[in-house]
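Chemist: pasting a predicted model and its sequence here:
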Amino acid sequence: MKLKSHINDIIKDAFTKAGIAHEPMSVSEASKPEFGDYQFNGAMALSKKLGKNPRAIAQSIVEHLDLTGVLSKAEIAGPGFINLWLNPLWIATQCQSALEDERVGVSTKENPIKVVVDYSGPNMAKQMHVGHLRSTIIGDTLANLLTFLGDEVIRQNHIGDWGTQFGMLIAYLEMKDEDGTVTLKDLEQFYKDAKGEFDANADFANKAREYVVKIQSGDAHCLNLWKKFIDISLGHCEEVYEKLNVNLMRDDVRAESFYNDMLPKVVDSLTGKSILQESDGAQCVFLEGDEVPVIVQKADGGYLYATTDLAALWYRAEVLGAKRISYVVDARQAGHFKQVFRIAKEAGFVSEEVKLEHIAFGTMMDKSGKPFKTRDGGTVKLIDLLDEAVIKAKETINNKEEYAPEQIDELAKIIGIGAVKYADLSINRESNYIFNWDKMLSFEGNTSLYMQYAYARIQSIFRKYNAPIEGSIVIGDALEHRLATMLLRFEDLLSRAAVDASPNQITTYLYELATLFMRFYEQNPILKDGVEEEVKMSRLQLANLTAKTIKQGLDILGIKVVDKL
RNA sequence: GCACUCUUAGCUCAGCUGGAUAGAGCAUCGGUUUGCGGUACCGAAGGUCGUGAGUUCGAAUCUCGCAGGGUGUACCA
């Protein structure tokens, strides 16, 4: 239900009938319930253009408004605000059809595009740490959201599988893995041990350097070792994805090494376009307005990550055919992406109409506002954080005796992981945020547990009722009216969140929806004695649509729901 | 130095393309109960939106200056 555009159409129609030859601005949600459901603020803006009093303009718009279908009432207020009320009958039928639709009334895009979402991007030399959480879940949410809205989404996991450190790592792997059963359970430790050996043992260090060259020149033995190492390391990541309920598969992996062959071509074609300059022996692109150049080839002939990113941009735009390419990467790389995007466009690797965007996000901080670290200052492994979340979640479960142990584990997993994800996704992605266990595992405020509780509470109504639901939705009081309107806004909200790539718009919406439902439910009994059958049926259906919408919203965030908790 | 970014209630955060008296949650104080899940709901109190100017009928939102914090700044990714 594209609610806003329905209303905009009516306004536009009124403009035409009133003889106003300007494109109306979009309506917005009313800032207060007293002001109706939507408001149109365009009359004031037109005042100067038309040389008329804004209230008079508002008056002539209102006179021509169609109040027979979608809208039922319009009022002029203050200097020329037009407050609009939706027709309760219309709302009711729309909710009814949303309820019958498995997409809860959300249509699919008329003009879907191909979108590449680049996210997660772990380094294969190390274990995933908390720094990877945000990219992974924000990216996954964006990919889920765009997919749901109908775009063709290509997920790309740009893993770091190339670089000098792999020479050392595979040399060490070869040394330790005589029987072929090394699991690299602790990659951090493995890396440290290898580094220790590298520093202490000159022979080993030489071998490590030799292996770097050998991988690059395609030596079969070294390549096999490397592949084995990557395979095991990727397996660890997949374990994390599985726990996180993140939709990244082997097929989505397009590693750094994938672009190796394209790197010389990138530099060549830049040379051909004369954007390139040599400086201190390195091949550089000097962008106007930037002090420092972007180096695409080192003095020793090696390539850098800017080169790889340029190759990836070309590949994604030209080979994959993406019209929107979204990089979900830490905000600290803003400068890098700005430069790389500019080069890609100027050099024609990516055509003008392709939208390149850096979906930047802030850093996760601890309670004292410092970057999140372990007690001894090390990085926190993501898997440890998630395991801890599950343990803590278990403590929040009431009436444990009602469940079998496996059920409790399953429940704790959903709740714990959901809490971590929700807490992260509910923060405006661009700001840094403070990681707080107590807050995220609280039932109060905009938390996943409040959402879960609201959902479970509705499910409990249906467990209790458990009979066919007939009849239709009828909007009774103001609270029902607001709840129903809120439900119909779902698609507008998702579209907006997709454009801005901001998951927190979804959580904010869901929280408002859940709060509204709780209030509605508090005031309007459903199954209590004395509720008329027709009213009961109507309210049951509103409750049902609320639950479905919450479930769908959380599903986009990659958070599962439970019927009982 | 330069560039980017942030600064909203005691705390943690919303605030969409500029719109009416700036909103939540926590904490504080008070209320609702023979409760369809009270892990809920209602209310009070709490803000010169860092600061100074500008644009505008109208600015937390746009522009500029200043202060304070964060980040980035040529051969790592």
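Modeler: Received it, and whenever you're ready, just let me know what you need.
Chemist: just the CA coordinates for the host helix or strand of A:Ser538, please, in PDB.
Modeler: Per DSSP states H and E: A:Ser538 is located in helix A:533-556. Extracted in PDB, the C-alpha atoms of helix A:533-556 (Å, rounded to 0.1, in the frame of the first residue of the first chain):
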ATOM      1  CA  GLU A 533     -18.900 -10.600  18.200                       C
ATOM      2  CA  GLU A 534     -18.400  -8.200  15.300                       C
ATOM      3  CA  VAL A 535     -16.100  -6.000  17.300                       C
ATOM      4  CA  LYS A 536     -14.200  -9.000  18.500                       C
ATOM      5  CA  MET A 537     -13.700 -10.200  14.900                       C
ATOM      6  CA  SER A 538     -12.500  -6.900  13.700                       C
ATOM      7  CA  ARG A 539     -10.100  -6.500  16.600                       C
ATOM      8  CA  LEU A 540      -8.800 -10.000  16.100                       C
ATOM      9  CA  GLN A 541      -8.000  -9.200  12.500                       C
ATOM     10  CA  LEU A 542      -6.200  -6.000  13.400                       C
ATOM     11  CA  ALA A 543      -4.200  -7.900  16.000                       C
ATOM     12  CA  ASN A 544      -3.400 -10.500  13.400                       C
ATOM     13  CA  LEU A 545      -2.200  -7.900  10.900                       C
ATOM     14  CA  THR A 546      -0.100  -6.200  13.500                       C
ATOM     15  CA  ALA A 547       1.600  -9.500  14.300                       C
ATOM     16  CA  LYS A 548       2.200 -10.300  10.700                       C
ATOM     17  CA  THR A 549       3.700  -6.900  10.100                       C
ATOM     18  CA  ILE A 550       6.000  -7.200  13.100                       C
ATOM     19  CA  LYS A 551       7.100 -10.600  11.900                       C
ATOM     20  CA  GLN A 552       7.700  -9.300   8.400                       C
ATOM     21  CA  GLY A 553       9.600  -6.300   9.700                       C
ATOM     22  CA  LEU A 554      11.800  -8.400  11.900                       C
ATOM     23  CA  ASP A 555      12.300 -10.900   9.200                       C
ATOM     24  CA  ILE A 556      13.800  -8.200   7.000                       C
END
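Chemist: list the buried ones in that helix?
Modeler: Buried positions in helix A:533-556, judged by neighbour count with 16 or more other C-beta atoms under 10 Å: A:535-554, A:556. (C-beta placed from N, C-alpha, C; glycine too.)
Chemist: can you tell me the SS state at the closest residue in space to A:Asp199 that isn't next to it in sequence?
Modeler: Setting aside the residues directly before and after it, A:Asp199 is nearest to A:Ala205 in space (C-beta to C-beta, 6 or more residues apart in numbering), at 7.6 Å. Secondary structure, DSSP: H, G, I helix; E, B strand; the rest coil: A:Ala205 is helix.
Chemist: likewise A:Glu34?
Modeler: Following three-state DSSP, A:Glu34 is assigned to helix.
Chemist: could you give the number of residues near it?
Modeler: Using other C-beta atoms under 10 Å, A:Glu34 has 8 neighbouring residues.
Chemist: quick check: it vs A:Asn83, distance?
Modeler: 8 Å (C-beta to C-beta, to the nearest Å).
Chemist: do the same with A:Asp161
Modeler: Using C-beta to C-beta, one gets 58 Å for the distance from A:Asp161 to A:Asn83.
Chemist: what do you get for A:Asn260?
Modeler: From A:Asn260 across to A:Asn83, the span is 61 Å (C-beta to C-beta).
Chemist: so for these two, which sits in the more crowded spot?
Modeler: Using other C-beta under 10 Å, the more surrounded residue of A:Asn260 and A:Asn83 is A:Asn83, with 20 against 15.
Chemist: need the phi and psi values for the residue nearest to that one when sequence neighbours are not counted.
Modeler: Among residues not flanking A:Asn83 along the chain, A:Gly36 sits closest, at 3.9 Å (C-beta to C-beta, 6+ apart). With angles defined as degrees, to the nearest 10, A:Gly36 sits at phi 90, psi -160.
Chemist: show the pLDDT at A:Gly36.
Modeler: For A:Gly36, the pLDDT comes out at 94.
Chemist: tell me where the stretch 101-250 of chain A has strands.
Modeler: For the stretch 101-250 of chain A, the strands defined by DSSP state E, counting those that start in this stretch occupy A:114-118, A:152-156.
Chemist: redo those as JSON lines? Include distance to RNA strand B and mean neighbour count.
Modeler: Output for the strands of the stretch 101-250 of chain A, formatted as JSON lines (distance: least, C-beta to the nearest atom of the strand, whole Å; neighbours: other C-beta atoms under 10 Å):
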{"stretch": "strand A:114-118", "distance to RNA strand B": "13", "mean neighbour count": "24"}
{"stretch": "strand A:152-156", "distance to RNA strand B": "14", "mean neighbour count": "22"}
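Chemist: okay, those strands in CSV with distance to A:Gln216 and mean pLDDT next?
Modeler: What follows is these, written out as CSV (distance: least, C-beta to C-beta, whole Å; pLDDT from 0 to 100):
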stretch, distance to A:Gln216, mean pLDDT
strand A:114-118, 24, 98
strand A:152-156, 23, 98
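Chemist: for whichever strand or helix holds A:Leu487, packing partners?
Modeler: Assigned by DSSP H and E, A:Leu487 falls within helix A:478-488. With contacts defined as 3 or more C-beta pairs under 8 Å, 6 or more residues apart in numbering; DSSP states H and E, the packing partners of helix A:478-488 are helix A:88-100, helix A:503-523, helix A:533-556.
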